[in-house]
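Novice: Give me a model of this one.
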Amino acid sequence: MKSIFSGKKKWLTIPVAGIIALAFLPFAIGGGLAYLIHKRVSNKGLKYGLFAVVGLLTLFFGTAWVAGISSDSSSTKTEQVQQASTEQTTDNQTVQQVSSTPTTTEESEEEDPKAGKQEAKVVRVIDGDTIEVSFSGKSETVRFIGINTPETVDPRKPVECFGERASAVAKENLTGETVWLESDPSQSDRDKYNRLLRYVWTDDAVVDFGKIMISTGFAYEYTYDVLYKYQAEYKQAQKDAEQKKVGLWADNACPVATVKPTTKPTSAPTQSSGTSTSTSGSGACKYSCTSPDRDCSDFSSHAEAQAFFDCCGFTATNDPMRLDSVGVGDGVACESI
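Specialist: Modelled structure (predicted):
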């Protein structure tokens, strides 16, 4: 035994013995006490009694010591397992969160209703198809693309049927509201009155207010010279409004007053060359000369438009439907068709 703990071997055996003794410390202490009792107590009765006491104490404390070491080891393993489980749960939650988060793609940008539109604040409603807005620190007058409402503000023209109601509806829904303006590459940026030509969207840019005005019968579809982006939708909206007889399309919505002469004319009225005195839209005229407002898209040819223009008695200076506005203002209607 002495040879194990002597010589060069002691540098290995003594540390190993110390580690083992530390792991089983109560047993090491008990063994040491038993060795001392054996060497120093000569009375056999006392010696065996002390052996019994030391043995019981060693067994008690040694068992508790080993149980404590095992418990610490088991607890450490449990914590490691719980930590690994927690990390796995966190990873799963992260994956779920990432998978549920919408990604920004070109497709989602195209679906954004506000994309490509200018946000603006409505300062004033001029009439049913013209508003004044402010954005980027400036004020602009905006003319709706694709719609026309009965006239209310043009000093050269009388207030037209349903014009005041259309204007009131626009004021009620737009005054002070935030709108989104959409331009159309097929149209000019501004008209001849320097007004911006735009589609006007409301409700976070998802509601086309111009189309709503047509579908509820407060405006007509209006094509000026060239086709525009939403022309098909606007024309269909007007057809639906006409079929449902809503707004200005309702029966007797715009009654035409008939004025009876107080005296019998002494002779038949004369008619100038190419011009009719009829302004009521009845008789030979294809459409009503008062409402709804007509444009060049309503006619299949220049000759047809000119016949209507002359039948209603319109001239270069009296052209309420602006049929001559696409020309040079010489009394020739719809020269472009």
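Novice: Count the residues that sit near the residue nearest to Cys289 when sequence neighbours are not counted.
Specialist: Taking Cβ to Cβ, 6 or more residues apart in numbering, and ignoring the residues beside it in sequence, Cys289 has Cys312 as its nearest neighbour in space, at 3.7 Å. C-betas here are computed from N, CA, C, even on glycine. When neighbours are defined as other Cβ atoms under 10 Å, Cys312 has 28 of them.
Novice: Ok, the one 3 residues further on next?
Specialist: Here the number of neighbours of Thr315 (other Cβ under 10 Å) works out to 13.
Novice: repeat for Arg165
Specialist: Applying other Cβ under 10 Å, we find 18 residues neighbouring Arg165.
Novice: Find the helix or strand that it is a member of.
Specialist: Assigning secondary structure by DSSP states H and E places Arg165 in helix 163-174.
Novice: what pLDDT, on average, does whatever helix or strand comes next after that helix get?
Specialist: In the C-terminal direction, the helix or strand that comes right after helix 163-174 (DSSP H and E) is strand 178-182. Strand 178-182 shows a mean pLDDT of 97 in the predicted model.
Novice: So what touches strand 178-182?
Specialist: If you take Cβ atoms under 8 Å, 6 or more residues apart in numbering as the criterion, strand 178-182 is touched by 113-114, 116-122, 131, 133, 135, 142, 196, 198-202, 204-205, 209.
Novice: how close does Gly247 get to Gly217?
Specialist: 2 Å (Cβ to Cβ, to the nearest Å).
Novice: okay, these two: which has more neighbours?
Specialist: Gly217 (23 against 20).
Novice: quick one, what contacts the more buried one?
Specialist: The neighbourhood of Gly217, defined by Cβ under 8 Å, 6+ apart, consists of Ala241, Lys244, Val246, Gly247, Leu248, Trp249, Ala250, Ala253.
Novice: The third one: neighbouring residues, count only.
Specialist: Here the count is done by other Cβ under 10 Å, and Val246 has 15 residues near it.
Novice: what packs against the helix holding Arg165?
Specialist: Counting contacts by 3 or more Cβ pairs under 8 Å, 6 or more residues apart in numbering; DSSP states H and E, helix 163-174 packs against strand 118-127, strand 196-202, helix 209-215.
Novice: Can you tell me which of those is nearest to Asn43?
Specialist: Ranking the helices and strands packed on helix 163-174 by their distance to Asn43 (criterion: Cβ to Cβ) puts strand 118-127 first, at 107.1 Å.
Novice: quick one: contacts of that closest one?
Specialist: Counting contacts by Cβ under 8 Å, 6+ apart, the residues outside strand 118-127 that touch it are 131-135, 139-142, 149, 151-153, 163, 166-167, 170-171, 174-182, 198.
Novice: Selection in PyMOL covering whichever of those are buried, please.
Specialist: To isolate the buried members of the contacts of strand 118-127 in PyMOL, using 16 or more other Cβ atoms under 10 Å:
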select buried, resi 131+132+133+140+141+142+149+151+152+163+166+167+170+171+174+179+180+181+182+198
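Novice: Using CSV, list the CA coordinates for stretch 210-228.
Specialist: The C-alpha atoms that make up stretch 210-228 are tabulated as CSV, following Å, rounded to 0.1, in the frame of the first residue of the first chain:
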residue,chain,number,x,y,z
GLY,A,210,-66.8,60.0,-59.4
LYS,A,211,-68.2,56.6,-60.1
ILE,A,212,-70.5,56.8,-57.0
MET,A,213,-71.9,60.1,-58.3
ILE,A,214,-72.7,58.5,-61.6
SER,A,215,-74.2,55.3,-60.1
THR,A,216,-76.5,57.3,-57.8
GLY,A,217,-77.7,59.5,-60.6
PHE,A,218,-76.1,62.8,-59.6
ALA,A,219,-73.7,62.9,-62.6
TYR,A,220,-73.3,61.8,-66.2
GLU,A,221,-70.5,59.8,-67.7
TYR,A,222,-68.4,62.3,-69.7
THR,A,223,-65.8,61.5,-72.3
TYR,A,224,-63.8,64.5,-73.5
ASP,A,225,-62.1,63.8,-76.8
VAL,A,226,-60.2,60.6,-75.9
LEU,A,227,-60.9,57.4,-74.0
TYR,A,228,-59.9,57.3,-70.3
